[in-house]
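1. Return atomic coordinates for the entry below.
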Amino acid sequence: MQMMANSYRVNTPHIVYESFTDEVIAVSFLDGSYYSIRGAGIEIWKLLCAGADIDRIVAQLQSAYPNEPGLREAINGFLEKLLNHSLITTTEESATAPFPEILPELTGFIPPILEAYTDMQDLMLLDPIHEVGEDGWPKRATAPSAANAHE
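-> Numbering: from 1, shown residues only. Now for the predicted structure:
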């Protein structure tokens with residue numbers, strides 16, 4: 001495990017996301033992948049969006065799940081996954097938004113889950129305004145062949 005920084009932020013504008021009750025969906029414009037964040041990852045993501053540093057994230061989750069061992073390790077592992085997928089980046093900025101309240105799940109602690117999907121990368125990376133031919137979207141214009149490139 002690499003040395004962890006103390007503060008992170010969502011890697012905007014390269015990442016866009018939408019939060020739902022039981023999932024956060026994030027889309028990367030860097031590589032066209034999209035991600036499902038579930039379990040305690042939702043709360044961690046919300047705290048990252050509010051500008052919480054690692055210590056604050058751990059404190060918030062320990063408050064909600066006081067009997068859960070290994071929270072810091074679970075949080076660090078999840079943050080490392082987010083970093084590896086470039087969903088977050090380090091920051092020196094401090095919190096600017098109020099921290100969301102974490103209510104313990106009735107089912108108990110569910111470890112943070114990050115699932116990556118790459119099945120729509122071609123469509124996600126397609127620039128429909130500049131890269132389509134006469135057939136229209138979602139058909140990408142064919143690249144000029146090497147023989148035509150010198151004409």
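
2. And the helices in the chain, which stretches?
-> Per DSSP state H, the chain carries helices over the ranges 40-49, 54-64, 71-84, 121-125, 146-149.

3. I'd like to know which elements the second one is packed against.
-> This points to helix 54-64. In terms of contacts (3 or more Cβ pairs under 8 Å, 6 or more residues apart in numbering; DSSP states H and E), helix 54-64 is packed against helix 40-49, helix 71-84. Using the backbone N, CA and C atoms, a C-beta is placed for each residue, glycine as well.

4. So what touches the longest one?
-> If I follow you right, that is helix 71-84. 1-2, 4, 8, 40-41, 44, 54, 57-58, 61-62, 65, 88-89, 109, 111-112, 114 (Cβ atoms under 8 Å, 6 or more residues apart in numbering).

5. Against Val27, how distant is Ile75?
-> For Ile75, the distance to Val27 (Cβ to Cβ, to the nearest Å) stands at 23 Å.

6. Over to Ile15?
-> For Ile15, the distance to Val27 - Cβ to Cβ - is 7 Å.

7. Next, count neighbours for the closest residue to Phe99 other than its chain neighbours.
-> Leaving aside its sequence neighbours, Phe99 sits nearest to Ala50 (Cβ to Cβ, 6 or more residues apart in numbering; 5.0 Å). For Ala50, the count of nearby residues is 16 (other Cβ atoms under 10 Å).

8. Show me the shaky parts of the chain.
-> Judged by pLDDT under 70, the chain has its weakly predicted residues at 1-4, 95-97, 106, 127-132, 137-138, 143-151.

9. rerun that using 50 as the cut-off
-> Regions of the chain meeting the criterion pLDDT under 50 cover residues 1, 147, 149-151.

10. and His85, how many neighbours does it have?
-> By the criterion of other Cβ under 10 Å, His85 has 18 neighbours.

11. can you pull the contacts of it?
-> For His85, the contacting residues are 28, 33, 35, 114, 116, by Cβ under 8 Å, 6+ apart.

12. cutoff 7 Å now
-> Applying Cβ atoms under 7 Å, 6 or more residues apart in numbering to His85 gives the contacts 35, 116.

13. roughly how far apart are the most centrally placed residue in the chain and Ala59?
-> Nearest residue to the geometric centre of the chain (Cα atoms, centre = their mean): Leu87, 3.9 Å. To Ala59, Leu87 is 22 Å away according to Cβ to Cβ.

14. And Gly136, by the same measure?
-> 52 Å.
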